[in-house]
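J.: next input, structure requested:
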Amino acid sequence: MLRRSPQTDLRAGPREREKVFRYRYVLGLSAAILAVAAPSASAGTQLNIVPHGQAQPGVSWLSEPGILPAQTQAEMYNRLTPLFRDVGPALTPSANGTGYFKSAALVPADDPSLITDLTVSGTANGNAVTARIRRDAYGVPHIYSSTDAGVIFGAGYVTAQDRSLLLSQARTNGVASLIDMPGVSGINLVLGLYDYQPTEKVKRDAARLQEKALNDAGAEGRQVLTDIDTYLAGINKWYGENQPTAKKFERIDIFAFNGIKAQFLGQGGGEEISNAVFLDAARRQLGNSTGNNVYQDMRGRYDPETATTTDAKFDYQTSVSVSNPKGLVRIKDGTFKNSYIKLPGASASSSAIRPPGPGRREASNIVIAGGSKTNTGKPLMVGGPQIGYNYPGLTLEMDLQGPSIRVRGATSAPFPGYMLIGRASNYAWSLTSAGNDIIDTYAETLCGGSKYKYTYKGKCQKMTKVDGGTISKGGQSVKVRFYTTVHGPVVGYAKSGSKTVALSQRRSSYGRETTDLLFNQQMTYGRVKSAADFVKAAQKTPQTFNSFYASDKEIAFYTSGRFPMRPKGVNPDLPVDGRGKYEWTGYQAKDKQPHVINPSSGYIVNWNNKPAKDFPAGDERWSEQSLQRTQLLENELARQQTQTLTSLLSASNAGATQDVRVALLWPTLKKVLDKVQPPSALATQAVQQLDEWYAQGSSRVDSDQNGVIDSPGAAIIDATWVGMANAAMCGRLGKLCNNLANRSGGDDRFDAPPGGQYGGWHQYMWKDLRKALGEKVSGAYKVSYCGKGNVNTCAGDLWKAFQSGVETLSNQQGSNPAAWRKSEQPEQIKFSPVSLFTMNYTNRPSGIHQVMDFSD
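T.: The predicted structure is shown next:
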């Protein structure tokens, strides 16, 4: 759905002809000149960019004549950022790395753009297989075979060739994800360069569950297993030629890769302990009634004002009680002690609720316009996944062509010759993480005088002890030992009243991680012929993703996941009694999950926001409230009545550097400030700078590449934000303000760049300040926060905080706010674990960024 925030007007102000915009014009003109040798963009343009590129350090083909340097795509990706809205030259595909995007065409085997030529042969599943692998200037492999098995075999060979470092590092570390090792994520082990060696029993048990799930899926599931074996033959072919002493890769390794992907990107929920601790603190500090209300306000399980991808309603256990839900086991704040595996050499607190690690990514986005809204009369799509900036990259690009297979895009180690995100002959697809609630926490009643015995369905039984192997790094090792109940691993213990309870977690996709490939199999083998086919394909995964589709005729999206149905009256955001009375009763019907085909609005826009009306935010997502980043994209699209590929890319690129606090909150914040006199001339001048920045689009871009953000507004909002956020919220919350600010383990007042600006207190402030102003607020908070509801008191508190911030800036940079600047360096993007290239801040897709038009 496309809506324009009623208080927001992002039309350019009179200063657009100043220095910053002249630089954008010059940058765009220079790029157009550089790219003249390339074919110009036309109807049917398909482009992409993969910023981490195709290579890994030391890969042999990188030295072939005509192959561009490894950082080329990172440089192209970075080149787009300072253009802000002026992205017209970017739609010219670049063949030599001097532009912004490369062609994403399905290339014939004899195309003159292809440089290298390699034929590989082997045996898979008792049959001979052969693949021809050709690379273009970017190193992208184009894989051809007369059989589909040959294509998959070739994909395995290329995956080993281009990501052997990742394969070797992840093959056993991923087992940690499959077994839900307490406190340890597979991606953290990989990026932290740990070495987890699971026991043979752990690997056998994990493999058995994955194979059973695939066999239970019928012929398509059995084909996944066959394709895995073919893919493994290709991987082992490369290793046999280049690292002959390496242990052969097996099915469990592919299952492990799928475990990492599922845990990192495809699950949500599991925050019941954190939620319960905050609720208890709120009740203790503010009283039970007010504490319950504050918890509900801040949690935002269902905010009717939040931006959704569709206006269609999909009710899923939306209304739940906080004061007295069925089966609730309250957790006393300050009593939780975790049972996390402590990584070698890492400092860890036994009271930490959240384990260390990179967390899941919430920065993928998509903009799709249906034919009724475009200049071509055909759908247009711009978007992709945000999975961090890693080198070697977690994804790699391939062009796969066989009898049934004709796709190009981003794939990864978990996918056996299947495409993760990409394009086929006349359609493209993409994903964003949905974070929906597929993990619940159960409070186990201890019995038998032991912390390792619990009551289930009237019987006192022993927990299962898991001897999981060892984790090593830097000469240090730790043994992996933990306990499980019927629900899952025990993650810790806490007090409920005067009694200690064990806390275990159940995940609905456990043991089914690799069945996600059933979706990708449909996309890769060309079985999707329509939007309806796409929705049916997306229904096959148990993981929680938003999946998007645009063809030459239709557009669609579907929110997937194996969503548990809980007994009526249970609040799934909080720990529930694990004695057996409150078990899941089934799973939400697939056709009842959020989806839309060819919406009447003509648009599908998503930035990890809530998919649909009446659909609750996952219990970890306290930021699915009013003011969502997706509104930046919607506001940019609203600048044009008819969309072009340029306008879609412009929306994506502009939204990627806008400061959401100013672009969306500032008009309301300014209304409150205007209720009383400014405290000083300095404060007045600083506000004028924010007004101008807002009018210009609120971008944090450094367009002239001089090391500082162009507008003084960035320095002003950063210097005043924490003080204003505290002034708005803490007068009412008191000591609970610290609990709220540190709830997720970071500073929740704002997910500041280089973070993704996914959440922050600007969301709370927008809803609360409008209430204080007397404006209509749908789903208004039960408690008034800023000034305890008095708008003049609120304005005074905000001005005091604002004045303090600008005085600090004045002392540091002089008394002229127009001259204040914020260094761009702290929010620059750096690749890890190996350095590749340093980029300016942007909040764009990183796994692959696609620009797609399938016009004739």
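J.: now do the helices in the stretch 751-856 of the chain.
T.: With helices called from DSSP state H, counting those that start in this stretch, the stretch 751-856 of the chain shows them at 761-772, 791-813.
J.: ranking the ones you listed by burial, who's on top?
T.: helix 761-772 (a mean of 25; mean count of other Cβ atoms under 10 Å). (C-beta placed from N, C-alpha, C; glycine too.)
J.: give me the residues contacting that helix.
T.: Around helix 761-772, the neighbours that count as contacts under Cβ atoms under 8 Å, 6 or more residues apart in numbering are 297-298, 300, 303, 305, 623, 625-627, 660-661, 664-665, 668-669, 671-672, 725, 728-729, 748-750, 776-777, 779-781, 784-787, 789-791, 794.
J.: start and end of stretch 105-112, how far apart?
T.: End-to-end distance for stretch 105-112: 13 Å, by Cα to Cα, to the nearest Å.
J.: and the contacts of that stretch?
T.: 46, 113-114, 132, 134, 136, 142, 144, 399, 401, 406-408, 423, 425.
J.: out of these, which are buried?
T.: With burial judged by 16 or more other Cβ atoms under 10 Å, the buried subset of the contacts of stretch 105-112 is 46, 113-114, 132, 134, 136, 142, 144, 399, 401, 406-408, 423.
J.: and the strands in the stretch 401-550 of the chain?
T.: With DSSP state E, counting those that start in this stretch, the ranges of strands along the stretch 401-550 of the chain come out as 406-411, 421-423, 427-433, 439-447, 450-456, 459-462, 464-473, 476-484, 490-496, 499-507, 545-551.
J.: what is the third one packed up against?
T.: Read it as strand 427-433. Counting contacts by 3 or more Cβ pairs under 8 Å, 6 or more residues apart in numbering; DSSP states H and E, strand 427-433 is packed against strand 365-369, strand 380-384, strand 421-423, strand 545-551, strand 849-853.
J.: flag the shaky bits of the stretch 1-150 of the chain, pLDDT-wise.
T.: Within the stretch 1-150 of the chain, the stretches with pLDDT under 70 are 1-43.
J.: on that earlier part again, now the helices and strands packed on strand 427-433 in TSV, please, with extra columns for distance to residue 322 and mean pLDDT.
T.: Shown next, in TSV, are the helices and strands packed on strand 427-433 (distance: least, Cβ to Cβ, whole Å; pLDDT from 0 to 100):
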stretch	distance to residue 322	mean pLDDT
strand 365-369	32	98
strand 380-384	36	98
strand 421-423	38	98
strand 545-551	27	98
strand 849-853	41	98
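J.: need those in CSV with distance to residue 499, can you?
T.: CSV is the format used below for the helices and strands packed on strand 427-433 (distance: least, Cβ to Cβ, whole Å):
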stretch, distance to residue 499
strand 365-369, 46
strand 380-384, 49
strand 421-423, 48
strand 545-551, 39
strand 849-853, 52
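J.: want to throw the helices of the stretch 751-856 of the chain into JSON lines with mean pLDDT and distance to residue 313?
T.: Below are the helices of the stretch 751-856 of the chain laid out as JSON lines (pLDDT from 0 to 100; distance: least, Cβ to Cβ, whole Å):
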{"stretch": "helix 761-772", "mean pLDDT": "98", "distance to residue 313": "21"}
{"stretch": "helix 791-813", "mean pLDDT": "99", "distance to residue 313": "34"}
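J.: turn these into CSV, columns for distance to residue 253.
T.: As requested, these are exported to CSV (distance: least, Cβ to Cβ, whole Å):
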stretch, distance to residue 253
helix 761-772, 42
helix 791-813, 52
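J.: can you show me the CA trace of stretch 605-624 as CSV?
T.: As requested, the backbone C-alpha atoms of stretch 605-624 are provided in CSV (Å, rounded to 0.1, in the frame of the first residue of the first chain):
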residue,chain,number,x,y,z
VAL,A,605,6.4,-1.5,-0.5
ASN,A,606,8.2,-3.1,2.5
TRP,A,607,11.1,-2.3,4.7
ASN,A,608,10.8,-5.1,7.3
ASN,A,609,7.6,-3.5,8.5
LYS,A,610,4.4,-5.3,9.5
PRO,A,611,2.8,-7.0,6.5
ALA,A,612,-0.9,-6.5,7.2
LYS,A,613,-3.6,-5.0,9.3
ASP,A,614,-4.7,-7.0,12.4
PHE,A,615,-1.4,-8.9,12.3
PRO,A,616,0.6,-8.7,15.5
ALA,A,617,4.2,-7.6,15.7
GLY,A,618,6.6,-10.5,16.7
ASP,A,619,7.5,-10.3,20.4
GLU,A,620,11.0,-9.1,19.6
ARG,A,621,9.8,-6.3,17.4
TRP,A,622,8.9,-3.4,19.8
SER,A,623,9.6,-1.1,16.9
GLU,A,624,6.6,-2.0,14.7
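J.: centre of the chain versus that stretch, how much separation?
T.: Put simply, stretch 605-624 sits 12 Å off its chain's centre (Cα atoms, centre = their mean, to the nearest Å).
J.: and stretch 397-411, by the same measure?
T.: Relative to its chain's centre, stretch 397-411 lies at 24 Å (Cα atoms, centre = their mean).
J.: now do it, average pLDDT.
T.: Mean pLDDT, stretch 397-411: 99.
J.: my read is that residue 505 contacts residue 437, right?
T.: No. Taking contacts as Cβ atoms under 8 Å, residue 505 lies outside contact range of residue 437: 11.9 Å.
J.: comparing those two, which residue is more hemmed in?
T.: Set side by side, residue 505 and residue 437 show more neighbours around residue 437, with 29 against 24, by other Cβ atoms under 10 Å.
J.: now do the contacts for the closest residue to that one other than its chain neighbours.
T.: Leaving aside its chain neighbours, residue 437 sits nearest to residue 269 (3.7 Å; criterion: Cβ to Cβ, 6 or more residues apart in numbering). Listed by Cβ under 8 Å, 6+ apart, the contact set of residue 269 reads 435-440, 572, 618-620.
J.: and for residue 844?
T.: 77, 80-81, 365, 384, 386, 652-653, 656.
J.: closest one of these to residue 581?
T.: Nearest to residue 581 among the contacts of residue 844, counting by Cβ to Cβ, is residue 386 at 40.8 Å.
J.: isn't the closest one up against residue 842?
T.: No. Judged on Cβ under 8 Å, residue 386 makes no contact with residue 842 at a distance of 10.2 Å.
J.: scan the chain for its longest helix.
T.: With secondary structure taken from DSSP state H, the chain has its longest helix at helix 148-173.
J.: okay, and the helix or strand of this structure with the least pLDDT?
T.: Least confident element among the helices and strands of the chain, by mean pLDDT, DSSP states H and E: helix 19-34 (a mean of 38).
J.: show me where the stretch 501-650 of the chain has its helices.
T.: Under the criterion DSSP H, counting those that start in this stretch, the stretch 501-650 of the chain contains helices at 517-524, 531-538, 630-637, 645-655.
J.: so for residue 216, which of those helices sits nearest?
T.: The nearest among the helices of the stretch 501-650 of the chain, by Cβ to Cβ, is helix 517-524 at 11.2 Å.
J.: re the thing from before, partner strands of whichever helix or strand comes after the least confident helix or strand of the chain and their direction?
T.: Next helix or strand after helix 19-34 toward the C-terminus (DSSP states H and E): strand 46-49. Within its sheet, strand 46-49 is paired with strand 102-103 (antiparallel), strand 849-853 (antiparallel), according to DSSP bridges.
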